[in-house]
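Undergrad: Turn this into a model:
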Amino acid sequence: MFKIPPHQVAGHHASNGTLGPLVDDSGRFYKPLQGDERGSAEVTFYKQFSTNTEIPDRIRRFFPVFYGTQVMKASDGFEHPHIMLQDLASSRSNPTIMDIKIGSRTFGPEASDDYIEKCLKRDRETTTLRLGFRISGLQVYVSEELGFYKPSRDLVLKSSIDDVKLLFRRFVSSNSSGSDPDYALASKVYGGPNGILAQLLELKTWFEDQTIYHFCACSLLFMFEKTMASKGETSNAQVKLIDFAHVTEGRGVIDHNFLGGLCSLIKFISEVLKDPEDHKTPGGDTLESTILVNNGH
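TA: The predicted model follows:
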């Protein structure tokens, strides 16, 4: 039985008549192939990556498991080829998730002029050019009664740098539905030997040397278990790399675009972790205040 992913925070969403990813009860995620060269490029990457003996196991764990491709009835009602992947959220009951697109450039070297213009417009309108990354979407589990705090995609993409700081703070707060998030879970989620920051630093070490691929327009997915962390247990924080439709061969050159964005993200989280109160914008409305008003807080 296929269903719409309950915890998808970014990308194309499936609905009746609209093409988007599906999941099943066996822990698999079915992503429709894009009709142009992006679909075949992503399949090619997964096939090569899954058999590439140069990828260390410690790095391979950051990528979804690839199960091949399958033609099946899609969410729009028609037969369509899909990539079969590991459903990263399937083992989690109420996951808190953030999707972050990495790099100050989100188009590849072979992109058309129209596509470059489209990407540049989005990159300028978001924090991509200024920070080297942008938040594409997030959901934060609040409680069984209140469900998830999940700002709209448009509001998230309009985030200023101060808004992004505050969203990173809200992501690890125990009172995510309130007007003043407490940042109580930061050390359990971002910090520690198995936290998000440690995992990002491990990825950074690899990207400082690897010249096999250039990961253009890829995203990092952050996930953790808020209920467990709030009880003093492990947060089960996890970082995954996703979206590989624009990956190209490295040809012996370091992927400075991805590495630069990753370093910027590491620095950003480190600073927020060190000084969680440094998140307010003097004067004016922020994305956060807009979300709170829209949600009735």
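
Undergrad: give me the number of residues near the residue nearest to A14 when sequence neighbours are not counted?
TA: Leaving aside its chain neighbours, A14 sits nearest to G20 (2.9 Å; criterion: C-beta to C-beta, 6 or more residues apart in numbering). Using the backbone N, CA and C atoms, a C-beta is placed for each residue, glycine as well. For G20, the neighbour count with other C-beta atoms under 10 Å is 18.

Undergrad: residues in contact with G20?
TA: Neighbour list for G20: 4, 11-14, 32, 75 [criterion: C-beta atoms under 8 Å, 6 or more residues apart in numbering].

Undergrad: which among those gets closest to Y149?
TA: When the contacts of G20 are compared for distance to Y149 (C-beta to C-beta), H13 wins out at 18.1 Å.

Undergrad: If I follow the layout properly, that closest one ends up in contact with P6?
TA: No. Using C-beta atoms under 8 Å, H13 is not in contact with P6, being 11.2 Å away.

Undergrad: who has more neighbours, these two?
TA: More crowded of H13 and P6, by other C-beta under 10 Å: H13, with 15 against 12.

Undergrad: Now the closest residue to the more buried one other than its chain neighbours: which helix or strand?
TA: In space, and not counting its chain neighbours, H13 is closest to G20: 4.9 Å by C-beta to C-beta, 6+ apart. Secondary structure assignment for G20, by DSSP states H and E: no helix or strand.

Undergrad: what does G137 give?
TA: Per DSSP H and E, G137 falls inside strand 133-143.

Undergrad: buried set for that strand?
TA: Neighbour-count burial for strand 133-143 flags 133-142 (criterion: 16 or more other C-beta atoms under 10 Å).

Undergrad: List phi and psi for the nearest residue to Y46 once chain neighbours are set aside.
TA: Of all residues not flanking Y46 in the chain, F66 sits nearest, at 4.1 Å (C-beta to C-beta, 6+ apart). Main-chain torsions, F66, degrees, to the nearest 10: phi -100, psi 130.

Undergrad: wouldn't F66 be in contact with T51 here?
TA: No. F66 is not in contact with T51 according to C-beta under 8 Å; the separation is 9.8 Å.

Undergrad: out of those two, which sits in the busier spot?
TA: More neighbours surround F66 than the other of F66 and T51, with 19 against 9 (other C-beta under 10 Å).

Undergrad: Tell me the spacing between the residue nearest the centre of the chain and A89.
TA: For the chain, the residue nearest the mean C-alpha position is D99 (2.1 Å; C-alpha atoms, centre = their mean). The spacing between D99 and A89, counted by C-beta to C-beta, to the nearest Å, is 12 Å.

Undergrad: same check, this time on K188
TA: K188 sits 19 Å away from A89, going by C-beta to C-beta.

Undergrad: tally of neighbours for N194?
TA: As a burial measure, N194 scores 13 neighbours (other C-beta under 10 Å).

Undergrad: For it, which residues are in contact?
TA: Counting by C-beta under 8 Å, 6+ apart, N194 makes contact with 234, 237.

Undergrad: Quick check: pLDDT value at it.
TA: For N194, the model assigns a pLDDT of 94.

Undergrad: Also the one 3 residues further on?
TA: L197 carries a pLDDT score of 97 in this model.

Undergrad: oh, and call the first residue 363 from now on, that's how I've got it
TA: Sounds good: first residue 363 from here, last item L559.

Undergrad: what about it, which SS state?
TA: Judged by DSSP: H, G, I helix; E, B strand; the rest coil, the three-state class of L559 is helix.

Undergrad: List the contacts of stretch 623-631.
TA: So stretch 623-631 is contacted by 462, 464-466, 493-495, 526-527, 530, 552, 558-559, 562-563, 565-566, 569, 582 (C-beta under 8 Å, 6+ apart).

Undergrad: circling back: could I get the contacts of G382 as JSON lines with secondary structure and pLDDT?
TA: Shown next, in JSON lines, are these (DSSP: H, G, I helix; E, B strand; the rest coil; pLDDT from 0 to 100):
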{"residue": "I366", "secondary structure": "coil", "pLDDT": "92"}
{"residue": "G373", "secondary structure": "coil", "pLDDT": "77"}
{"residue": "H374", "secondary structure": "coil", "pLDDT": "78"}
{"residue": "H375", "secondary structure": "coil", "pLDDT": "83"}
{"residue": "A376", "secondary structure": "coil", "pLDDT": "84"}
{"residue": "P394", "secondary structure": "strand", "pLDDT": "94"}
{"residue": "S437", "secondary structure": "coil", "pLDDT": "89"}
